[in-house]
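S.K.: Got a predicted structure plus its sequence, pasted below:
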Amino acid sequence: MADFVGAVDQGTTSTRFMIFDHGGNEVARHQLEHEQILPQAGWVEHDPTEIWERTRAVVQSGLNKAGLGAGDLAALGITNQRETAVVWDRRTGRPYHNAIVWQDTRTDRIASALERDGRGDVIRRKAGLPPATYFSGGKVQWLLENVDGLRAAAESGDALFGTIDSWLIWNLTGGTDGGVHVTDVTNASRTMLMDLETLDWDDELLSFFGIPRRMLPAIRPSCDPAGYGTTRADGPLGGEVTLSGALGDQQAATVGQVCFEPGQAKNTYGTGNFLLMNTGTEPVRSEHGLLTTVCYQVGGAKPVYALEGSIAVTGSAVQWLRDQLGIISGAAQSENLARQVPDNGGVYFVPAFSGLFAPYWRSDARGAIVGLSRYNNNAHIARATLEAICYQTRDVVEAMQQDSGVVLDVLRVDGGVTANELCMQIQADILGVPVSRPVVAETTALGAAYAAGMAVGFWKSTEELVRNWNEDRRWLPQWSREQREEGYAGWKKAVARTLDWVDVD
């Protein structure tokens, strides 16, 4: 058998390809950013063709860096930004419109209408999700209503819908020449269109959005021994590699962090923050603003579910300091700048650029920096930005403990922001529990590799994956309880100032 497994990690701001060995160690990677298209306030789009081109490029460059060919890969896994919606023409392969990104808020009136007339309760019961701009169903409805000719193409079966995993799998397996139109249960569970119990598209939910079933991909296990298909000979892998694993990015990180036991939780710090707790083979319905979602499914086994707290803006708040305010030249500088002050100087930054996600679900909120005086400087704003990442995480942890009854004894963390050691120390201080970073911090790609590798027998069991996990760094809380609670009270006051800013019909 080949000695390596590959993973495509298609994220909100970039696409990377990573290669792992049997020990779960990184062998090679290549990464490229893609354009963030912002047509108007609240709208966020990506060019699906650019994403596919970036995917081809990173796969080829990653293999070249490692001195490997397609024959050295036992399998290929896909992980992706989850709720971003793409609709394309099966005959030409061309998208009908830019992809509408998960952060986009143009569907706020669709979500509000669902909530007003009671359909929101049906969506919560069947899909485990609140009606929100975040999820894919409303985005597809918007495209069907606003792109000329799309509804007729959808009714005839010529228009295909998918999240980014479906778009990439279709292109990797042949595109217009026999491309496979599939998704996995984790991505399907983020659409507001799949029943959590049956793991199938639900006709009543489809009717809420006016979406023809013919548009939709087949739903498959996250780790699929039957495989989704093989890569096309003229594609970036240049030969037949089995595509056998797919997971939405946050579920992939949960697998990469080997959270296979109920009660285990991880937090991924990327463009946003996403905290998932494994709840076992029965879905736990949230009463405190969290999402019930599929965590993963191995072959024909029962799916494993999770509670999730999704936070829209965390790492992208640091990007905002760089790109919009210009007070830092790169993400790494945010740590150095924030270290120039011992605390936030009374400043709180609530980066509700796209409204507030879990546990508030307030699309009427907008970002605010509060508590400013003449004393404050750019270092306080940088520090408040890092604290915002950590306070939003505490909001979710509090809700998760109320829903599950499980009190965290440690938080496993991963993603790009974990390289910011000050931020991770602040996180331990604000939560009051240790924060643990693994040796392989890019656990999203690793989780996709694990799903694909297990499907083809490269790894035999989850126990084998658990043995691969090793801790790199642990941060212990340093704040007093009084300091922690005083800081959190200030955060809650700041959040209250952001509400009711935008009128939502």
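M.R.: Cool, the structure landed.

S.K.: what's stretch 324-339 in contact with?
M.R.: The contact list for stretch 324-339 (C-beta atoms under 8 Å, 6 or more residues apart in numbering) reads 315, 318-319, 321-322, 378-379, 381-383, 385-386, 416, 419-423. All C-beta atoms are positioned from the backbone trio N, CA, C, and that covers glycine.

S.K.: Ok, stretch 39-54 next?
M.R.: Taking C-beta under 8 Å, 6+ apart as the rule, stretch 39-54 contacts 10, 14-15, 32, 34-38, 84, 86, 88, 94-95, 98-101, 103-106, 108, 164, 167-168, 171, 354.

S.K.: Go through the protein and flag its longest helix.
M.R.: Selection of the longest helix in the chain by residue count, based on DSSP state H, yields helix 378-404.

S.K.: Walking through the stretch 201-350 of the chain, point out its helices one by one.
M.R.: Per DSSP state H, counting those that start in this stretch, the stretch 201-350 of the chain carries helices over the ranges 203-209, 249-256, 315-320, 331-338.

S.K.: Please work out which of the ones you listed is packed deepest.
M.R.: Neighbour counts averaged per stretch over the helices of the stretch 201-350 of the chain are highest for helix 249-256, at a mean of 32; criterion: mean count of other C-beta atoms under 10 Å.

S.K.: hey, where'd the helices end up in the stretch 401-505 of the chain?
M.R.: Using DSSP H, counting those that start in this stretch, the helices of the stretch 401-505 of the chain run over 421-431, 443-455, 462-468, 481-498.

S.K.: Dump those helices to CSV, plus distance to residue 75.
M.R.: Shown next, in CSV, are the helices of the stretch 401-505 of the chain (distance: least, C-beta to C-beta, whole Å):
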stretch, distance to residue 75
helix 421-431, 33
helix 443-455, 4
helix 462-468, 14
helix 481-498, 44
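
S.K.: deepest of the ones you listed, which one?
M.R.: helix 443-455 (a mean of 31).

S.K.: now for that helix, which elements pack on it?
M.R.: Judged by 3 or more C-beta pairs under 8 Å, 6 or more residues apart in numbering; DSSP states H and E, the packing partners of helix 443-455 are strand 4-10, strand 14-20, strand 73-80, strand 242-248, helix 249-256, strand 265-269, helix 462-468.

S.K.: can I get those in JSON lines with distance to residue 219?
M.R.: Shown next, in JSON lines, are the helices and strands packed on helix 443-455 (distance: least, C-beta to C-beta, whole Å):
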{"stretch": "strand 4-10", "distance to residue 219": "19"}
{"stretch": "strand 14-20", "distance to residue 219": "24"}
{"stretch": "strand 73-80", "distance to residue 219": "15"}
{"stretch": "strand 242-248", "distance to residue 219": "11"}
{"stretch": "helix 249-256", "distance to residue 219": "14"}
{"stretch": "strand 265-269", "distance to residue 219": "24"}
{"stretch": "helix 462-468", "distance to residue 219": "22"}
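
S.K.: Which among these is found nearest to residue 373?
M.R.: Among those, strand 265-269 comes nearest to residue 373, with 29.6 Å by C-beta to C-beta.

S.K.: which other residues reach the closest one?
M.R.: Outside strand 265-269, the residues within contact range by C-beta under 8 Å, 6+ apart are 249-250, 253-254, 257, 259, 273-278, 314-315, 389, 393, 400, 408, 411-418, 423, 443-444.

S.K.: the inter-axis angle of it versus helix 443-455?
M.R.: Going by axes from the mean of the first three to the mean of the last three C-alpha atoms, to 10 degrees, strand 265-269 is angled at 130 degrees with respect to helix 443-455.

S.K.: Specify the angle between strand 265-269 and helix 378-404 in degrees.
M.R.: Here strand 265-269 points in a direction 150 degrees away from that of helix 378-404 (the same axes, to 10 degrees).

S.K.: Tell me the gap between strand 265-269 and the middle of its chain.
M.R.: Centre-to-centre, strand 265-269 and its host chain are 11 Å apart (C-alpha atoms, centre = their mean, to the nearest Å).

S.K.: Check which residues of that strand are buried.
M.R.: 265, 266, 267, 268, 269 (16 or more other C-beta atoms under 10 Å).

S.K.: Just the pLDDT for the last one.
M.R.: Think residue 269. Note for residue 269: predicted pLDDT of 90.

S.K.: What mean pLDDT does stretch 208-227 get?
M.R.: Average pLDDT, stretch 208-227: 96.

S.K.: quick one: average pLDDT of stretch 110-124?
M.R.: Average pLDDT, stretch 110-124: 92.

S.K.: Also stretch 61-69?
M.R.: For stretch 61-69, mean pLDDT is 92.

S.K.: returning to that earlier point: which one of the helices and strands packed on helix 443-455 lies nearest to residue 481?
M.R.: Across those, residue 481 has its closest neighbour in strand 265-269 (21.6 Å, C-beta to C-beta).
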